[in-house]
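Participant: After the sequence you'll find the predicted model.
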There are 8 protein chains.
Amino acid sequence: MRQGFPEVVFCQGKTIDQVVAIMERLIEYNHNILATRATPEMYTAVAAVIPDAQFHEQARLIVVERQPVVVDPDRIIVVMTAGTSDIPVAEEAAITAEIMGNKVRRVYDVGVAGIHRLLAQRQILEEANVLIVVAGMEGALASVVGGMVAKPVIAVPTSVGYGANFGGLAALLAMLNSCAAGVAVVNIDNGFGAGRLASIINHMR
Amino acid sequence: MRQGFPEVVFCQGKTIDQVVAIMERLIEYNHNILATRATPEMYTAVAAVIPDAQFHEQARLIVVERQPVVVDPDRIIVVMTAGTSDIPVAEEAAITAEIMGNKVRRVYDVGVAGIHRLLAQRQILEEANVLIVVAGMEGALASVVGGMVAKPVIAVPTSVGYGANFGGLAALLAMLNSCAAGVAVVNIDNGFGAGRLASIINHMR
Amino acid sequence: MRQGFPEVVFCQGKTIDQVVAIMERLIEYNHNILATRATPEMYTAVAAVIPDAQFHEQARLIVVERQPVVVDPDRIIVVMTAGTSDIPVAEEAAITAEIMGNKVRRVYDVGVAGIHRLLAQRQILEEANVLIVVAGMEGALASVVGGMVAKPVIAVPTSVGYGANFGGLAALLAMLNSCAAGVAVVNIDNGFGAGRLASIINHMR
Amino acid sequence: MRQGFPEVVFCQGKTIDQVVAIMERLIEYNHNILATRATPEMYTAVAAVIPDAQFHEQARLIVVERQPVVVDPDRIIVVMTAGTSDIPVAEEAAITAEIMGNKVRRVYDVGVAGIHRLLAQRQILEEANVLIVVAGMEGALASVVGGMVAKPVIAVPTSVGYGANFGGLAALLAMLNSCAAGVAVVNIDNGFGAGRLASIINHMR
Amino acid sequence: MRQGFPEVVFCQGKTIDQVVAIMERLIEYNHNILATRATPEMYTAVAAVIPDAQFHEQARLIVVERQPVVVDPDRIIVVMTAGTSDIPVAEEAAITAEIMGNKVRRVYDVGVAGIHRLLAQRQILEEANVLIVVAGMEGALASVVGGMVAKPVIAVPTSVGYGANFGGLAALLAMLNSCAAGVAVVNIDNGFGAGRLASIINHMR
Amino acid sequence: MRQGFPEVVFCQGKTIDQVVAIMERLIEYNHNILATRATPEMYTAVAAVIPDAQFHEQARLIVVERQPVVVDPDRIIVVMTAGTSDIPVAEEAAITAEIMGNKVRRVYDVGVAGIHRLLAQRQILEEANVLIVVAGMEGALASVVGGMVAKPVIAVPTSVGYGANFGGLAALLAMLNSCAAGVAVVNIDNGFGAGRLASIINHMR
Amino acid sequence: MRQGFPEVVFCQGKTIDQVVAIMERLIEYNHNILATRATPEMYTAVAAVIPDAQFHEQARLIVVERQPVVVDPDRIIVVMTAGTSDIPVAEEAAITAEIMGNKVRRVYDVGVAGIHRLLAQRQILEEANVLIVVAGMEGALASVVGGMVAKPVIAVPTSVGYGANFGGLAALLAMLNSCAAGVAVVNIDNGFGAGRLASIINHMR
Amino acid sequence: MRQGFPEVVFCQGKTIDQVVAIMERLIEYNHNILATRATPEMYTAVAAVIPDAQFHEQARLIVVERQPVVVDPDRIIVVMTAGTSDIPVAEEAAITAEIMGNKVRRVYDVGVAGIHRLLAQRQILEEANVLIVVAGMEGALASVVGGMVAKPVIAVPTSVGYGANFGGLAALLAMLNSCAAGVAVVNIDNGFGAGRLASIINHMR
Ligand SMILES: Nc1ncnc2c1ncn2[C@@H]1O[C@H](COP(=O)(O)O)[C@@H](O)[C@H]1O
Ligand SMILES: Nc1ncnc2c1ncn2[C@@H]1O[C@H](COP(=O)(O)O)[C@@H](O)[C@H]1O
Ligand SMILES: Nc1ncnc2c1ncn2[C@@H]1O[C@H](COP(=O)(O)O)[C@@H](O)[C@H]1O
Ligand SMILES: Nc1ncnc2c1ncn2[C@@H]1O[C@H](COP(=O)(O)O)[C@@H](O)[C@H]1O
Ligand SMILES: [Mg+2]
Ligand SMILES: [Mg+2]
Ligand SMILES: [Mg+2]
Ligand SMILES: [Mg+2]
Ligand SMILES: [Mg+2]
Ligand SMILES: [Mg+2]
Ligand SMILES: [Mg+2]
Ligand SMILES: [Mg+2]
């Protein structure tokens, strides 16, 4: 456990038994634990042996909080989405950041096809210390936000969309080619990775 | 020659001799002629036999105007670019539209990474009848413009950029996945096709 | 609500509850509503609270018509398909255009592998104001139609086919590379986007 | 040497010396020889030692005819192109077929964006025994021709085009997805392969 | 109905009702009918109204034979597969060719990783008039066979395999790049197209 | 000019005249200027009018320093490369960070195929505040470094390599899929973007 | 049966009946048999007729051992994985190697994002004769291991991961671009192929 | 220097000065040196300071031999190519293996489209200890050879070909999907890597 951060378990590709076994082993040290990409069935099995485990279904996260989470209320991570379908990935990022000790503000459904929605949130962008931008389809939100702030922007392409989005490839390429400086990109649908990196940056003094 | 439009010659992949021969044949009918993707060498050879041929080097267009071009000054096609490197493709679109009898206004270098530049041009967007949006890299301008107007937006991805832009693929996919309605896309770097379609739409009564 | 067009809801990636909540909120203003990519389950839930909601199952559209839809019978949008499997996407385009106040004519199953079927419909092409061409597999219909008319052609590639169609990529690339001028392309299977753009163009005066 | 066909040398990737050496060795048997993808420099070097070698520059073919080529005038291979830029590949196919003992008719520049050009050639299509269709960009000609005849159609995609043609990929995928039966495809720009296969079929009794 | 061939229905993407309706309409003319990519459910529904319809489950074909099928026993189409998993596609090709009036010989499971199996069948290759080679994975069989015969070889890549076969792409590219002349390729898993083209060639006189 | 950072000019795709004109305009305000992707010819032309412009040839950067650059010596950005061929991109990142007011340490040629080289630099990794990891080929260095530190790691894939690196795609995908948390990725060869983002993070207090 | 190796059956794409029939035929010769990619249902059917057949569910292998398997305990094949999700593929490799007469040691979950885990196993790497490295996501383990030993390393990319791993493509490309010499790659998820090749190498004298 | 192997320098992407500097430093220890992907200009510069350096132009290798190379004449590495255009890559593999102390036999131009050429070399295949198979286009040779021997086969795809070979991708995918066991693959055109791995295997006792 580095930096007061929780232990992290990546559940995808593991059996329910494997997840339970790993979490039982980790909980002995009374650490905080974050399990990502967990199914409801995994949660049920984990809760049977760790009753204080909590489940965030939309975000597919199991959280066990045994150590106090200290938060600096003046350093805000803003998590934004372009659409409502991007919210599950955004929640994965937001809750990851919260359990790692960050104050998070959510600004959802401000995609660039209605730019006024974004402009209406300018004040919040000013208050942010780090920004996470979650967007599928054409992924343009990252570029617009990146151009509005001189702060670190972590872009998360999502697989939301159809046809020529090719499972998130369209948004991924758009974000990598952003002409706004200060933008870096994580894997498609990787809310966890974005939350983790944002937390690391947000804890820098 | 349909709709008073010029005859069009696509020069790429043709020899200089072929281009000259085709244009000599067409000019006998005293039509207007538009030759796209022309090299300076092609122009020199054409000008030797058709002295009133004009060359737009950046746009790679040869234009011969033998018939009067009638323009309705109240129906404006706005051609926009995200960056300065997109201008050659935009000029191909703009000059194509002009020779086909349209009034064109150019709004260049208003990419979304500096959204204030675009917002400052709002008035012109209102006055437009049809819009052509030319952008490389992440191609996000089409989505933002498409969301600001309820008018036809023709998006032209360009091959401007490097690395994961994959020769214009990034902008192409972004534009195809635009969540703004009213946007349709032509081939990468196809300024001509955009100008032509914009002209057809702009002549509808 | 711009231009008398309905409010539009994109249902894919939303829960049934989200769709119902959004539609209940919109209906308070007595707007017309169009919900795309809706499942039968979504419709059942919506109809429970908005009894006059109609469902077009093949097109996956829920339509609520509260305001009169005014149609100019002299301005026709022609919607064409290459095969019968392309019809659901074509219906999405056609019904979208209709609820937005357009007269639509359907010309289905006129793929280029039997060119006489298309040639037999020449008269209708003449009468069209705007054309929507829906085709999967090799997507060649857009080029042939685009060459027959000097009118706006909106091409919709579909994911119909197998093997090296790669989910609609073959038709998409073919349409983007059309050597017929006047053709622009929307996303694979995006009947809605085509209908919307056709409607915008068809309302131009 | 099978079936009275010539020996074939693929020059690409070989040095001039290697090409000369191979051809000198082959000519000892007084065979007919066909060298494909030859450069003018290769031809100059070959002609120095085999003076009766002929060069077809556009088709990049060197031909040495030492044995009489017998042709059945009633069995015609028709070679078609969509555009003029496709002619070099078509010539590679046509000359290959000719040196292999076939009567060839060329029908060039009949792309589908001007379908009347193709329909005007219907008579020739009837007379064909085998057809080779050469097309770049959207490659649609193969489907239309394939639907007009119940004869073998060999489709050759070319790399002619730009942007999202991705070096011939667009035409290749279109041709593979042709809904016209009776069409098979060879490699991008592979005029030789098409000519060879057409010749084999045309010699069947 | 051209050339005494059956009417063909492509069932994929059609509803059961659509398939039944089309077949009922066609059978009125007492034609032979071939329905490809049919499911068992489709067959059951068809057989209820056309009792003499036959089903080839592995090949996913429904066949109705109302007209006598005339076969020339001296002109053989050989259908080969590399592995046993390629057999369904091969059967689609073979039965298609048979209903179109061809004598077919099957040579299955002779993939090149055991070249002796192929060499043992040399005699049959000699007797063939046209060959269809069906192979997934690395698709190498087409090249080896193409080199052994101077006859038309129609290569059918299959989606058999996993990982970097990318749904048949590996075999498709291999076959397109075959250095054996006389080979042409149809779409991945398109046994029907191969059988149809082979039949057309096999009927040439 | 935000945050005391220089004005930035992206030279690629611009003519020499355009670059000179832009820099002459910017220098009037006596700002610091950074011009990226500059050619030697561009530099010569710029130096003729701005004599104090400096050129970093390997990094393709022109730098004009008119305002003092203030650096906090305790906050170090470490720039690492896997190989020597990655150094030009790394220098672009390092010099970008320096002109933006950061202390930079270079740790070059520590690719993972000789893991001892990296382990020998552990001390420097400890002292870093932010890390930039530049790697081509398999791009594995980002994952190993990301696992060794709980600090922000900005990964820059390079186009160094050949064959199946597909212009940097291999390294890009590897870095996006890194199982080390705390890693984010910029475009292939985008040293500037990495330097800029690292600087933003390094200035956070 | 070559080299005392078992007969191998590839079950994927075969029906249960086909698998049973093949295994019944092979068992008559009293050979050892290895059936790969077998489902539990296939095993149940096989066990009904070959009661001594064993099933390794995770590895999807059916093994029948009728001949003694001779093992040289001094020649060790080490099978490594980056994560726990890669274990099924690793087991396919390990058990394949074992039934082919090799001593195998498993070193699992030593991915490079925690390089100490790998360094702690250095001793085992020294003792290895041949190494199999199984990794998904960024596939970096192969490069690090390849740099630590001068022994043959067979890299197996897995489809473990999500988003931009594109079904194992990311790991595959990374492994092919490994700058560590001595590494060769098999197909995505092809544990069998790796075990087979390792066994062949391990038996060389 | 491990295992008596030479020091290796990868010249691509390095300046001439860098190559000379590295080689001068290495030669002080009197090691054997192998420099890959070297240009003639690099060799000229190296030979000026290391006069006994040798150049293999086709293979792009500079070799300096200061230590005796010991060879076991009974353990043969066979290097094969499908065509003559593959020879430069094959020579890179062969000379790499030789300088590393192996006896090499070359079997060139035995591609599968003329299977008799390969069968005629059966005797040599028997004598091989390890095989390297170099092939472009459809890459089928690896599968055929892999099926003929129960020995390690290292497959090297080359970028030889055109059109849908996509820079070697076709051969790469074919080789990865080989159904012959015992085959592993290195990067496109990576003759060095194949030679190195073959040498490691060939030295196993
Ligand atoms: N959703 C996720 N996406 C990517 N990486 C993850 C995710 N969740 C956890 N990880 C990483 O995976 C590691 C745990 O993997 P494991 O040991 O297989 O449970 C953690 O240290 C994280 O860095
Ligand atoms: N399996 C198949 N793959 C590709 N094309 C097919 C297939 N089956 C039928 N077709 C073609 O599709 C046409 C019939 O399509 P449809 O009118 O939609 O039933 C026929 O004329 C055939 O050329
Ligand atoms: N090498 C580079 N790669 C990506 N973006 C860049 C690069 N250099 C500059 N930029 C961005 O491009 C903008 C300037 O573009 P321009 O106005 O065309 O000169 C700057 O604000 C940077 O954000
Ligand atoms: N999992 C696997 N992946 C790739 N090839 C395999 C696999 N299992 C078996 N094979 C190969 O497939 C051949 C058997 O195929 P089959 O005759 O279809 O059962 C064997 O000789 C193996 O070389
Ligand atoms: Mg910014
Ligand atoms: Mg709009
Ligand atoms: Mg038109
Ligand atoms: Mg036909
Ligand atoms: Mg042949
Ligand atoms: Mg870390
Ligand atoms: Mg090694
Ligand atoms: Mg073998």
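Facilitator: Ah, there it is. Residues are numbered from 1 along each chain as shown, chains lettered A, B, ... in the order given. Ligands and ions are numbered 1, 2, ... in the order given.

Participant: Can you list the neighbours in contact with stretch A:33-46?
Facilitator: A:6-12, A:16-17, A:19-20, A:23, A:26-27, A:53, A:55, A:57, A:60-64, A:66, A:92, A:96, A:99, A:192 (Cβ atoms under 8 Å, 6 or more residues apart in numbering or on different chains). C-beta: built from backbone N, CA, C; applies to glycine.

Participant: With stretch A:104-123 instead?
Facilitator: A:76-84, A:86-87, A:90, A:94, A:97-98, A:124, A:127-128, A:135, A:140-141, A:144-145, A:148, B:112, B:115, B:119, B:140, B:143-144, B:146-148, B:178-180.

Participant: Mind checking which of those are buried?
Facilitator: A:76-84, A:86-87, A:90, A:94, A:97-98, A:124, A:128, A:135, A:140-141, A:144-145, A:148, B:112, B:115, B:140, B:143-144, B:146-148, B:178-180 (16 or more other Cβ atoms under 10 Å in any protein chain shown).

Participant: So which of those residues are in helices?
Facilitator: Among these, the ones falling in helices (DSSP state H) are A:87, A:90, A:94, A:97-98, A:124, A:141, A:144-145, A:148, B:115, B:143-144, B:146-148.

Participant: from those, which is closest to G:Asn187?
Facilitator: A:Ala90 (36.2 Å; Cβ to Cβ).

Participant: what's the spacing between that closest one and H:Glu7?
Facilitator: Plainly put, A:Ala90 is 51 Å away from H:Glu7 if you go by Cβ to Cβ, to the nearest Å.

Participant: A:Gly111 now?
Facilitator: 55 Å.

Participant: need the contact list for the one residue in chain A that gets nearest to chain D.
Facilitator: Nearest residue of chain A to chain D: A:Ala164, at 10.6 Å (Cβ to the nearest Cβ). A:Ala164 is in contact with A:170, B:173, B:176-177, C:168-169, C:172, C:187-188, counting by Cβ under 8 Å, 6+ apart.

Participant: would you turn those into a markdown table with secondary structure?
Facilitator: Below are the contacts of A:Ala164 laid out as a markdown table (DSSP: H, G, I helix; E, B strand; the rest coil):
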| residue | secondary structure |
| --- | --- |
| A:Ala170 | helix |
| B:Leu173 | helix |
| B:Leu176 | helix |
| B:Asn177 | coil |
| C:Gly168 | helix |
| C:Leu169 | helix |
| C:Leu172 | helix |
| C:Asn187 | coil |
| C:Ile188 | coil |
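
Participant: Output these in a markdown table; the columns should cover neighbour count, distance to ligand 3 and pLDDT.
Facilitator: Compiled in a markdown table, these are given as follows (neighbours: other Cβ atoms under 10 Å in any protein chain shown; distance: Cβ to the nearest ligand atom, whole Å; pLDDT from 0 to 100):
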| residue | neighbour count | distance to ligand 3 | pLDDT |
| --- | --- | --- | --- |
| A:Ala170 | 30 | 19 | 97 |
| B:Leu173 | 30 | 19 | 97 |
| B:Leu176 | 30 | 23 | 97 |
| B:Asn177 | 31 | 22 | 96 |
| C:Gly168 | 24 | 31 | 97 |
| C:Leu169 | 22 | 28 | 97 |
| C:Leu172 | 31 | 28 | 98 |
| C:Asn187 | 29 | 27 | 98 |
| C:Ile188 | 25 | 30 | 98 |
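
Participant: Out of the residues you listed, which is nearest to B:Val153?
Facilitator: B:Leu176 (12.9 Å).

Participant: The closest one against C:Asn187, yeah?
Facilitator: Yes: the pair B:Leu176 and C:Asn187 qualifies as a contact (Cβ atoms under 8 Å) at a distance of 4.7 Å.

Participant: joint contacts of those two?
Facilitator: A:163-164.

Participant: would JSON lines of the contacts of A:Ala164 with distance to B:Val70 be doable?
Facilitator: Shown next, in JSON lines, are the contacts of A:Ala164 (distance: Cβ to Cβ, whole Å):
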{"residue": "A:Ala170", "distance to B:Val70": "41"}
{"residue": "B:Leu173", "distance to B:Val70": "39"}
{"residue": "B:Leu176", "distance to B:Val70": "35"}
{"residue": "B:Asn177", "distance to B:Val70": "38"}
{"residue": "C:Gly168", "distance to B:Val70": "41"}
{"residue": "C:Leu169", "distance to B:Val70": "42"}
{"residue": "C:Leu172", "distance to B:Val70": "37"}
{"residue": "C:Asn187", "distance to B:Val70": "36"}
{"residue": "C:Ile188", "distance to B:Val70": "39"}
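
Participant: Closest to the centroid, which residue in chain A?
Facilitator: A:Ala93 (1.0 Å; Cα atoms, centre = their mean).

Participant: Could you report the separation of A:Ala53 from chain C?
Facilitator: 24 Å (Cβ to the nearest Cβ, to the nearest Å).

Participant: An error on my part: the question was meant for A:Ala59.
Facilitator: A:Ala59 is 14 Å from chain C, by Cβ to the nearest Cβ.

Participant: any idea of the pLDDT on the closest residue to that residue other than its chain neighbours?
Facilitator: Distance criterion Cβ to Cβ, 6 or more residues apart in numbering or on different chains; nearest residue to A:Ala59, sequence neighbours excluded, is A:Glu91 at 3.8 Å. A:Glu91 carries a pLDDT value of 98.

Participant: Kindly report the same for A:Ala174.
Facilitator: 97.

Participant: doesn't A:Glu65 make contact with A:Ile95?
Facilitator: No: A:Ile95 is not in contact with A:Glu65 according to Cβ under 8 Å; the separation is 11.3 Å.

Participant: the more surrounded of the two?
Facilitator: Higher neighbour count among A:Ile95 and A:Glu65: A:Ile95, with 24 against 15, using other Cβ atoms under 10 Å in any protein chain shown.

Participant: Give me the phi and psi for the residue in chain A positioned nearest to ligand 4.
Facilitator: Scanning chain A for the residue nearest ligand 4 gives A:Gly13, at 19.0 Å (criterion: Cβ to the nearest ligand atom). Main-chain torsions, A:Gly13, degrees, to the nearest 10: phi 80, psi 0.
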